[in-house]
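Asks: what shape does this take:
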Amino acid sequence: MKKIVILGGGTAGTMMANKLANALDKEEWVITIVDKHRTHYYQPGFLFIPFGIYNERDVTKPKSSFFPARIKVLYTSIDKVDAENKKVQLEGGKVLPYDFLIIATGTQTRPDETPGLKEELWYKDIFDFYTIEGALALQKHFKRWNGGKLVMAITEIPYKCPVAPLEFVFLAEEFFTKKGMRDKVDITIVTPMSGVFTKPIATKMLSELLNEKNINVVADFYIERIDNDKKTLVSYDEREVEFDTLTIIPVNMGDEMVNRSGLGDELNFAFTDKHTLKHRDHDNIFVLGDAANIPTSKAGSVAHFASEILFDNLMNAIDGRPLTAHFDGHANCYIETGYGMGALIDFNYETEPLPGTFPLPGIGPFGLLKNTKINHYGKIMFRWIYWHLLLKGKELPVEADMTMAGKKRVTF
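Replies: Numbers count the residues shown, from 1 in each chain. Purely as a prediction, here's the structure:
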């Protein structure tokens, strides 16, 4: 029997397990997925928890609900990959041989990487919302908070879901307005980027929206440390930003296993060919989702589009054919902007987010770089799509490659 091992049972790993289970003969192939956690979280839903829109059960299901019956599941920690000998060493000394390996171990928040972040104010006046614990703690905090300086800060790039900090401040603006205390809350977003997004056209549209909502932006701010006594963010050039409540995106890093295995960069993201999704150094290892060091967003849509390319190339590799499928870096993100409205961006390695209609040219129904109600509904509907279609590896009516159909070129 030939063996495929998938490391990680999150979004990317679960999608691939379902695709492979449907495609490979169970008499010839054994598919094994390894993950130490038994609970699957719908991570885009964490954004809504601090504002009481979602609760924990809305974003939580057993991972076993989404794994196909034919695959083997090992709930254990991964020590390292022995790529030369095609083996995975698991916790406790167990060895798992493979013919092909898929690394889908995702990314993790590392608040310990920023001095002062995880000290006396952690989960008292400083919170993340990229973990279920942080989101729930912030929900409790907002129920009793009387106002002041609310800061949403990004420590470093890359991080999961690049638009989430923007969505947070938009929802915060609505939340405190409806509580009748917006005049008591000063909202600021602090970013190491030169603007609120990485590309100029989207940055212009989103900056105008932030300005309309009286949300401040502090750009080019590289956080060096958190001063708990003074309640300030301190940058490497010694600038300071005061806060009463700090919501922060901690440093994001890949799994330590990647580092122990010598398969990745200084942030533990696996070296990955950005088009074929094969590991840079090993022909029988592929990388999917947030675990890859490809230059595009770490987002569920990227994992979905890339999974189609990885699947095709893995089938090519199994049959000894060239890896002809190429990933273009396609990313597609709804942006919740508050008050039942939302925006949408669609882009890839070469093309920045542009205005237009999606997915049908001239029809939509979704508007690119437009603030509309239908875009909000798209964001809300995605939770059902995620649980019932995306995780199960079903085909969705959006091509893996980005198309220019419906998009409008613009210049400043």
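Asks: for the longest helix along the chain, buried residues please.
Replies: When the chain is parsed with DSSP state H, its longest helix is helix 300-318. Buried residues in helix 300-318, defined by neighbour count with 16 or more other CB atoms under 10 Å: 300-315, 317-318. No exception for glycine: its C-beta is placed from N, CA and C like everyone else's.
Asks: and residue 152, what does it touch?
Replies: 165, 168-169, 172, 187-190, 247-248 (CB atoms under 8 Å, 6 or more residues apart in numbering).
Asks: just how off-centre is the helix or strand harbouring it within its chain?
Replies: In this assignment (DSSP states H and E), residue 152 forms part of strand 148-154. Remark: strand 148-154 is offset 21 Å from the chain centroid, using CA atoms, centre = their mean, to the nearest Å.
Asks: please name the strands paired to it in the sheet, noting orientation.
Replies: strand 185-190 (parallel), strand 245-249 (parallel) (DSSP bridges).
Asks: tell me the helix or strand right after it.
Replies: That would be, after strand 148-154 and using DSSP H and E, helix 164-178.
Asks: angle of that following helix against strand 148-154?
Replies: Going by axes from the mean of the first three to the mean of the last three CA atoms, to 10 degrees, helix 164-178 is angled at 160 degrees with respect to strand 148-154.
Asks: in helix 164-178, which residues are buried?
Replies: Buried residues in helix 164-178 (16+ other CB under 10 Å): 164-176.
Asks: how about CSV for the residues you listed, with pLDDT and distance to residue 7 added?
Replies: Compiled in CSV, those are given as follows (pLDDT from 0 to 100; distance: CB to CB, whole Å):
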residue, pLDDT, distance to residue 7
164, 97, 25
165, 98, 29
166, 98, 31
167, 98, 30
168, 98, 30
169, 98, 35
170, 98, 35
171, 98, 34
172, 98, 36
173, 98, 40
174, 98, 40
175, 98, 38
176, 98, 42
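Asks: which one of these is nearest to residue 353?
Replies: Checking the buried residues of helix 164-178 against residue 353 by CB to CB gives residue 166 as the nearest, at 12.7 Å.
Asks: I'd guessed that closest one sits against residue 207; true?
Replies: No. Here residue 166 does not reach residue 207: they are 10.0 Å apart, not a contact under CB atoms under 8 Å.
Asks: once you drop chain neighbours, what's closest to residue 145?
Replies: Leaving out its chain neighbours, the residue that sits closest to residue 145 by CB to CB, 6 or more residues apart in numbering is residue 245, at 6.3 Å.
Asks: what pLDDT does the one you found get?
Replies: Looking at residue 245, its pLDDT reads 98.
Asks: residues contacting it?
Replies: 125-127, 141, 145, 148-151.
Asks: now those residues in a markdown table, with distance to residue 386 and pLDDT?
Replies: Conversion of the contacts of residue 245 to a markdown table gives the following (distance: CB to CB, whole Å; pLDDT from 0 to 100):
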| residue | distance to residue 386 | pLDDT |
| --- | --- | --- |
| 125 | 32 | 98 |
| 126 | 29 | 98 |
| 127 | 24 | 98 |
| 141 | 27 | 98 |
| 145 | 31 | 98 |
| 148 | 35 | 98 |
| 149 | 34 | 98 |
| 150 | 29 | 99 |
| 151 | 30 | 98 |
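Asks: just the buried ones among those, please.
Replies: With burial judged by 16+ other CB under 10 Å, the buried subset of these is 125-127, 141, 145, 149-151.
Asks: which one among these gets closest to residue 391?
Replies: residue 127 (27.7 Å).
Asks: tell me where the protein is predicted with low confidence.
Replies: Scanning the chain for pLDDT under 70 picks out 412.
Asks: still on that earlier bit, distance of the residue nearest to residue 145 relative to residue 62?
Replies: Distance of residue 245 to residue 62, computed by CB to CB, to the nearest Å: 33 Å.
Asks: then residue 270?
Replies: From residue 270 to residue 62 the distance is 27 Å (CB to CB).
Asks: ok, those two, which is more surrounded?
Replies: residue 270 (30 against 10; other CB atoms under 10 Å).
Asks: pretty sure that one contacts residue 287?
Replies: Yes. Counting by CB under 8 Å, residue 270 does reach residue 287; the two are 4.5 Å apart.
Asks: what do those two both touch?
Replies: 103, 279.
Asks: mind listing the shared neighbours of residue 166 and residue 207?
Replies: residue 196.
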